[in-house]
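> what follows is a predicted protein model with its sequence.
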Amino acid sequence: MTGQDQQQAAVVENEAAGHGGLSQAELDELVASSDTGARGQQGPVGAFIAIVALAWSLFQIWIASPIPFMLGFGVFNDTEARSIHLAFAIFLAFAAFPAARTKVQLALGIGVPVILGILFFVSAKEGTPVWWIPLVSLAIVAAILLGSPKDRIPPWEWALAVVGAATALYLYVYYKDISGRVGAPILQDFVVSVIGLLILLEATRRALGPALMIVASVFLVYTVLGPYMPEIIAHKGNNLSEIVNHQWITTEGVFGIALGVSTSFVFLFVLFGSLLDKAGAGNYFIQVAFSLMGHMRGGPAKAAVVSSAMTGLISGSSIANVVTTGTFTIPLMKKVGFSSEKAGAVEVASSVNGQIMPPVMGAAAFLMVEYVGIPYFDVVRHAFLPAVISYIALVYIVHLEAMKAGMEGLPRAYTPKPIVQRLIGIAFTIAAICAVSLAVYYGMGWVRPAFPATAGYIVFAFLTLVYVGLLWIASKEEPLHLDDPNAPVTQLPLPGPTIRAGLHYILPVVVLVWALMVDRLSPGLSAFWATAYMIFILLTQRPLMAMMRGEGAFGGAVRKGVSDLFDGLITGARNMIGIGIATATAGIIVGAVSQTGVGSALADVVEVLSGGNILAILVLTAVLSLILGMGLPTTANYIVVSALLAPVIVTLGQQNGLIVPLIAVHLFVFYFGIMADVTPPVGLASFAAAAVSGGDPIKTGVVAFFYSLRTAALPFLFIFNTDLLLINVDWLHGIFIFCVATIAMLLFAAATQGWFLARNRFHEGIALLLVAFTLFRPGFWMDMIYPPFTEVAPSEIAAAAADTPAGENLRVRVAGVNDLGDPIQFVALVPMGAEATGDEKLAAAGLAFRQDGDKMIIDDAAYDSPAQKAGLDWDQEVLRVLKPASVPSKYWMFIPALLVLAGVVMLQRGRAPKPRRAEA
């Protein structure tokens, strides 16, 4: 989730191509340079940075907890908390990330403060003192030219760190004074804001690479030079006073929603993942995946997918995920027959997709809560099905690759039970889990009302008993250690002992999911309780395990637990540097969009380029996300593209008769944002995987892109078939959709990978694509045969309403004007009730009409009525009325699709190759 440093990528590419893989020390340096900062890992500087990072984590835990409200001390409002959060991020960005010395980086570092300094200078209103602006620009340029060593922090870097943090803290220190003069900044506001913007952009260049800095600078230039832009995107232009007020002094720009989400939610989730990893959960997930799946065809690759999916629950970084799991999985994939590039590509595709896996989803899920305006539970519900289907499809792609090469898995250390016995065991396990889940759910439901004052203590005592019990079970097993993946593999670990050795790692995840999904607590409070419980586990697991195993050295175990806790708190904070900087800088872009009105202008540009075609608009959005994502971290990419194009897609879709839910558009943008971590030539995850495998980075990225085509196809599918997002779908229908969509995605994977039961011939690949498309969108073909709507004249709208069943929508196309007074046409969905007549149904929806010659005009759309919520208003002209038609179920189209699939199976069965056993 952190930066795309092109210089570092080039270094990794050269070393990977020339040395057959990097050493562990070099891999650690790669992760540090891209995620936590390459400077200050050891020595006095490292100790100081660690203290600051620790203070940041403790501050975030404090403001997320209920303790300040209970004590009435240390309570910060949103703006104050964002100010302190950004101060920590800027300070650590300069302390931990040295400035790059390449010519391009140097030119950008010098050019941006100079150009923006000139623009700020000339845009100031007459009478505003601006003599200090050139001095600020020159001071930043001088600090860059003086150099930035990796092994120490020179005085000018300290100055940038301290001044940058001070400008961020300005809103906290002078909050009351500023609130009394919003819109009328004084000279002090000008100085702090200009310095803050320039230093923030330099911090962005260091921590995230130049791309986000360039994009934000372009938007600032556009804010000033609006009158000189092409007519279609021109605006009046904003002076320095307006920029300062909008971007820094208020919460419209840098200190806006994105930074607020980073402050309130994201930090705690990143910290939770860091603590869980320090406890040993990452190693546990890898070992469990290998014990369960290592024996299958291409087993190590399938285990890599599953372990990366589980690690993605606790890791927000694609690069860290690749290196953490890849150092173990990639050599084992190569051992069973995968090439270096394919082994790296599997790891890249699975690690990057960790960002779409609920419940954490990087920072995007929490941003969607704010931008879309729906509860966090609904975001997770909508995102769950596509994420699971995507991972299942990736496991199947690995299976196909193994079939192509005739591979089998690694040898098992046991004789498998008969299939019937295994199925009975699985069914019993599922039944036991369901029984325990129901008992816990209803038990909690009884405890809360029965003991309202002490329920929290009772729940904690119950959790502690379960935790001690699971630790006792784990103490009977051998400790889990990562084996050397390059050593000969004689046998896989036993699944039972491996699973039992770390069941207590599941408890903090259960606490998090329970708080989010069952108690429906806020994401921030849920993450706090999960983090608090994780801290409890970190401090106690080693001492308790030592006691249960009779190992002695109790004091050493306690010290090691405390050390793990501090390491987790420090690592979590360092992992947040890039995210904090990215959300603040993305706020500049969002602020410029709201200040200049470029969003509506961009809608006109997109409409012209696409010809109003919704599919063309989606393709343009996908391409823009990929291009921006080549240099922007996923979070910043999502913020920028969603701010620019999400409203455009919804508006133009409505004008073209396609009602696209806002959450579907935001997920569409997010999916293509993470694709950029894969796509050459900049995808750093591909370079990291190549560094581990010793393969060619560009080839690894290309193969990973083809493996990720399923991720690129899903957004287009759920835009046109929102059932995939479980929108207005009951649970039984949801299970059916999951099964059908999974089969469809597997067939799509088989078609794009050129292999099903055997190598596909051209006509077989086309047939599989058609079958997959039909299973995903059966209504596409049925609508051609039986149109789903019947058009009636506008004057017959009352009769059409009478014929529309209760609970369904009457589609009304109207012409009117938008908020700017420009002519507009769009389609509105008006829900119909169970009233007796059409006139009564329309009245209940809040609509009244008048006849004007041969035109039907909306005379009134009642306030807060279904009609007004659908976008209808008085004086709009009704152009078309479409009522639902009685048509056969779209699922009848599955019959010809399955017949075609059966034909492909019959053609390929005779050509299917026989597997061979891979050497250990």
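Right, received. Where do you want to start?

> how about the strands in this protein?
789-792, 809-817, 823-831, 847-852, 855-861, 877-884 (DSSP state E).

> dump the ones you listed into JSON lines; add mean pLDDT as well.
Formatted as JSON lines, those follow (pLDDT from 0 to 100):
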{"stretch": "strand 789-792", "mean pLDDT": "89"}
{"stretch": "strand 809-817", "mean pLDDT": "89"}
{"stretch": "strand 823-831", "mean pLDDT": "87"}
{"stretch": "strand 847-852", "mean pLDDT": "88"}
{"stretch": "strand 855-861", "mean pLDDT": "89"}
{"stretch": "strand 877-884", "mean pLDDT": "90"}
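
> with distance to residue 98 as extra columns, can I get the ones you listed in a markdown table?
Every residue, glycine included, has its C-beta placed from N, CA and C. Formatted as a markdown table, those follow (distance: least, CB to CB, whole Å):
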| stretch | distance to residue 98 |
| --- | --- |
| strand 789-792 | 62 |
| strand 809-817 | 55 |
| strand 823-831 | 52 |
| strand 847-852 | 64 |
| strand 855-861 | 60 |
| strand 877-884 | 62 |
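
> distance to residue 802 and mean neighbour count added to the ones you listed, as CSV?
Shown next, in CSV, are those (distance: least, CB to CB, whole Å; neighbours: other CB atoms under 10 Å):
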stretch, distance to residue 802, mean neighbour count
strand 789-792, 11, 15
strand 809-817, 10, 19
strand 823-831, 13, 18
strand 847-852, 14, 15
strand 855-861, 16, 18
strand 877-884, 9, 19
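
> indicate which one of the ones you listed is closest to residue 418.
Evaluated over these, closeness to residue 418 peaks at strand 877-884, with 52.2 Å, by CB to CB.

> which outside residues touch the closest one?
Contacts to strand 877-884, defined as CB atoms under 8 Å, 6 or more residues apart in numbering, come from residues 788-794, 796-797, 800-801, 803-805, 808-816, 825, 849, 855-858.

> ok, the closest residue to residue 190 other than its chain neighbours - contacts?
Spatially, and ignoring its direct neighbours in sequence, residue 190 is nearest to residue 244 (5.6 Å; CB to CB, 6 or more residues apart in numbering). Residue 244 makes contact with 185, 189-190, 193-194, according to CB under 8 Å, 6+ apart.

> swap the cut-off to 6 Å and go again
Residue 244 sits next to 185, 189-190, 193 when contact means CB atoms under 6 Å, 6 or more residues apart in numbering.

> cool, and residue 133?
With CB under 6 Å, 6+ apart, residue 133 has these contacts: 117, 120-121.

> longest helix in the protein, by residue count?
helix 419-450 (DSSP state H).

> now do the buried residues in that helix.
Going by neighbour count (16 or more other CB atoms under 10 Å), the buried part of helix 419-450 is 440, 444, 447.

> one step back: which two of the contacts of residue 244 have the greatest separation?
So, the contacts of residue 244 by CB to CB: farthest apart are 185 and 193, at 7.4 Å.

> could you check which of these two is surrounded by more residues?
residue 193 (25 against 22; other CB atoms under 10 Å).

> quick check: the more buried one vs residue 627, distance?
Computed as CB to CB, to the nearest Å, the residue 193 to residue 627 distance reads 30 Å.

> for the stretch 401-550 of the chain, which residues score under the pLDDT cut-off?
Per-residue confidence for the stretch 401-550 of the chain (pLDDT under 70) gives these ranges: 413-414, 417, 441, 482-491.

> now the helices for it?
For the stretch 401-550 of the chain, the helices defined by DSSP state H, counting those that start in this stretch cover 419-450, 455-475, 495-500, 506-513, 523-549.

> and the nearest residue to residue 248 once chain neighbours are set aside, what pLDDT?
Leaving aside its sequence neighbours, residue 248 sits nearest to residue 193 (CB to CB, 6+ apart; 3.7 Å). The model reports residue 193 with a pLDDT of 94.
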